[in-house]
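[1] quick check, what structure comes out for this input:
(one chain, ligands or ions: 1)
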Amino acid sequence: MKFVFSEAQRRHDPRHFLSSGAPQPNPEVPERVNRLLAGARAAGLEEVAPPDYGAEAIAAIHTPEYLQFLETIFARWQRIPEASAEVVPNIHPDRRDFSYPTSAVGQAGYHMADTACPISAETWQSAYWSAQTAVHAARMVMDGERTVYGLSRPPGHHAFADLAGGFCFLNNAAIAAQELRRAYDRVAILDVDLHHGNGTQGIFYRRSDVLTVSIHADPVRFYPFFWGHASERGEGPGLGCNLNLPLPRGSGDGPFLEALDAAIRRIRSYAPGALVVALGLDAFEGDPFGGLTVSTDGFARIGERCAKLGLPTAIIQEGGYVCDALGDNLTAFLTGFGSSAA
Ligand SMILES: [Zn+2]
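    Next comes the predicted model:
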């Protein structure tokens, strides 16, 4: 198995976010890259760098207003007297169907869901190359590689078509799925991150050509709160093409693997041509977020079961934060996947 990584993804280095109103160090740090690289290499994967595919694959998912915002907002923010060092919103529209703001502060509120996605001088370049990593993983699968792992950082699954949030800017898994659609009529996304993949769900919510399935900690008292409930099934042509499998806080390997079996049954029924695994590793029992209690061995079992679907697969990195076992958990997943792949 090969994996894709670009050094430019290290440059984004967010400082803070608010947790229950309190300023905390932002956990989406460049050190994650070192741990994940070590994990991929320990699994025996061969590294490749992505070429620059340009803006087209990103623009197939994200709106032009939003992409222009991401690319320019830091420079504009710096011209505001006494503004913060990073772009952080302090006002949000209660609905998003009124006038589009022209000011930097207004646009930050419009395009940023929360304080966990601060934008600095390096953010756009890192997010851009994180997305190119996902595009290249998808292209390699389309060109005949059975499985490719994209080490995308910053992560993507909380980003909507025009909205950053939860450490995410560009939705790498959605971009990979859209790219795979060029070769396959139907694509499934299986999101195993601790947090619900709300951006991914939102992007495909009214579409039947991409099935979105997410296993995550119950959002009743957990980020992202407003999305991820079992009642959200898709809308219009997409009705029935979104499956949420929330788990009680603290659930471990047993309940997680049961939910995974339900997810896999739904994916089989959908009969996709290809699969995107949105691979968060923060469901781990030792992850700083402490939402679920999946073990390192559990990640190997998750990898094995995903591989048994027997589909061409792009594995795209989502969350998973710095702890001793972060690299080991990636190794476990990739090794489990590789041992069961057809
Ligand atoms: Zn997460």
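[2] would you mind listing what in the stretch 51-200 of the chain touches the ion?
    193, 194, 195 (Cβ under 5 Å from the ion). Any C-beta I mention is one placed from the backbone N, CA and C, and that applies to glycine too.
[3] identify, by residue count, the longest strand of this protein.
    Longest strand of the chain, by residue count under DSSP state E: strand 210-217.
[4] state which one residue of the stretch 51-200 of the chain is found closest to the ion.
    Closest contact between the stretch 51-200 of the chain and the ion, by Cβ to the ion, is at residue 195 (3.6 Å).
[5] how about the residue of the stretch 201-342 of the chain found nearest the ion, phi and psi?
    Relative to the ion, the nearest point of the stretch 201-342 of the chain is residue 319 (2.9 Å; Cβ to the ion). Note on residue 319: its backbone torsions stand at phi -80, psi -160 [degrees, to the nearest 10].
[6] number of nearby residues for it?
    Using other Cβ atoms under 10 Å, residue 319 is surrounded by 26 other residues.
[7] same question, residue 65
    Neighbourhood size, residue 65 [other Cβ under 10 Å]: 14.
[8] residue contacts, it?
    Counting by Cβ atoms under 8 Å, 6 or more residues apart in numbering, residue 65 touches 100, 111, 162.
[9] for it, phi and psi?
    phi -60, psi -40.
[10] what parts of the stretch 201-342 of the chain come near the ion?
    280, 282, 319.
[11] give me the pLDDT value at the residue lying closest to the first one once chain neighbours are set aside.
    If I follow you right, that is residue 280. Leaving aside its chain neighbours, residue 280 sits nearest to residue 193 (2.3 Å; criterion: Cβ to Cβ, 6 or more residues apart in numbering). Looking at residue 193, its pLDDT is 98.
[12] isn't residue 193 right up against residue 278?
    Yes: Residue 193 is within contact range of residue 278, at 6.1 Å (criterion: Cβ atoms under 8 Å).
[13] these two: which has the busier surroundings?
    Neighbour count, other Cβ under 10 Å: between residue 193 and residue 278, residue 278 has more, with 30 against 27.
[14] which residues does that one bridge with?
    residue 191, residue 316 (DSSP bridges).
[15] could you check how far it is from residue 158?
    Remark: distance between residue 278 and residue 158 (Cβ to Cβ, to the nearest Å) = 11 Å.
[16] shared neighbours of the two, anything?
    residue 197.
[17] tell me where the protein has strands.
    Using DSSP E, strands in the chain cover 2-4, 16-19, 22-25, 46-48, 147-150, 187-191, 210-217, 242-247, 274-279, 313-317.
[18] export the last one to CSV, keeping only CA atoms.
    Spelled out, it's strand 313-317. Provided in CSV are the C-alpha atoms of strand 313-317 (Å, rounded to 0.1, in the frame of the first residue of the first chain):
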residue,chain,number,x,y,z
THR,A,313,-10.5,2.5,-1.2
ALA,A,314,-9.0,5.9,-0.4
ILE,A,315,-8.3,6.2,3.3
ILE,A,316,-8.2,9.9,4.3
GLN,A,317,-6.9,11.0,7.6
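[19] which residues are in contact with it?
    For strand 313-317, contacts defined as Cβ under 8 Å, 6+ apart pick out 36, 134, 137-138, 141, 146-153, 155-156, 172-173, 176, 180, 274-279, 306-307, 333-334, 337.
[20] the same query, at a cut-off of 7 Å, please.
    Residues from elsewhere that reach strand 313-317 (Cβ atoms under 7 Å, 6 or more residues apart in numbering): 36, 134, 137-138, 141, 147-153, 155, 172-173, 176, 180, 274-279.
[21] what do you get for the third one?
    The set of residues that contact strand 22-25 without belonging to it, under Cβ under 7 Å, 6+ apart, is 16, 17.
[22] rerun that using 8 Å as the cut-off
    So strand 22-25 is contacted by 15, 16, 17, 18 (Cβ under 8 Å, 6+ apart).
[23] neighbours of the residue lying closest to residue 277 once chain neighbours are set aside, how many?
    Leaving aside its chain neighbours, residue 277 sits nearest to residue 315 (4.6 Å; criterion: Cβ to Cβ, 6+ apart). Residue 315: 28 surrounding residues under other Cβ under 10 Å.
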